[in-house]
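Colleague: Sequence and predicted structure below; questions after.
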Amino acid sequence: MIAPHPSEPGPWLGLLLVHAAWQRQGLGTQTLQSIESLLAGEGWDEVRVSVLKATPGARRFFEHNGYTLVDERDDQNKRPCWVLERRVRD
């Protein structure tokens with residue numbers, strides 16, 4: 001169902017946005033957990049996400065949810081990003 005990027009070892013979460021009026025109510029975490037469960041059920045071991053360095057709050061959100069920094073690089077538009085990863089299956 002969810003295919004990895006050809007040059008990376010597993011699936012990537014492309015984008016997770018919650019409208020500001022709905023933030024801090026657990027919706028992002030619930031959505032993230034649902035995605036992770038889906039990926040684990042399909043046999044994936046980990047998931048990665050790229051977070052723009054211009055959005056440190058997004059990095060904090062993912063780190064709060066168990067993601068760790070594995071790389072720093074520019075995205076396809078030359079914007080600096082952090083790459084974070086989380087195991088979803090043992």
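Modeller: Nice, thanks for sending it over.
Colleague: least trustworthy helix or strand in the chain by mean pLDDT?
Modeller: strand 12-13 (a mean of 88; mean pLDDT, DSSP states H and E).
Colleague: That one: what's the following helix or strand?
Modeller: helix 27-41 (DSSP states H and E).
Colleague: Show me what the least confident helix or strand of the chain is packed against.
Modeller: Here strand 12-13 touches strand 46-52, going by 3 or more Cβ pairs under 8 Å, 6 or more residues apart in numbering; DSSP states H and E. Heads up, the C-betas are built off the backbone N, CA and C, glycines and all.
Colleague: for the strand it packs on, packing partners?
Modeller: strand 12-13, helix 27-41, helix 56-64, strand 80-87.
Colleague: List the buried residues for that strand?
Modeller: Glu46, Val47, Arg48, Val49, Ser50, Val51 (16 or more other Cβ atoms under 10 Å).
Colleague: between these, which is nearest Trp12?
Modeller: Arg48 (5.0 Å; Cβ to Cβ).
Colleague: Which pLDDT value belongs to the closest one?
Modeller: In this model, Arg48 is scored at 93, pLDDT.
Colleague: contact partners of stretch 41-59?
Modeller: 1-2, 8-13, 16, 35-36, 39, 62, 67, 70, 72, 75, 79-89 (Cβ atoms under 8 Å, 6 or more residues apart in numbering).
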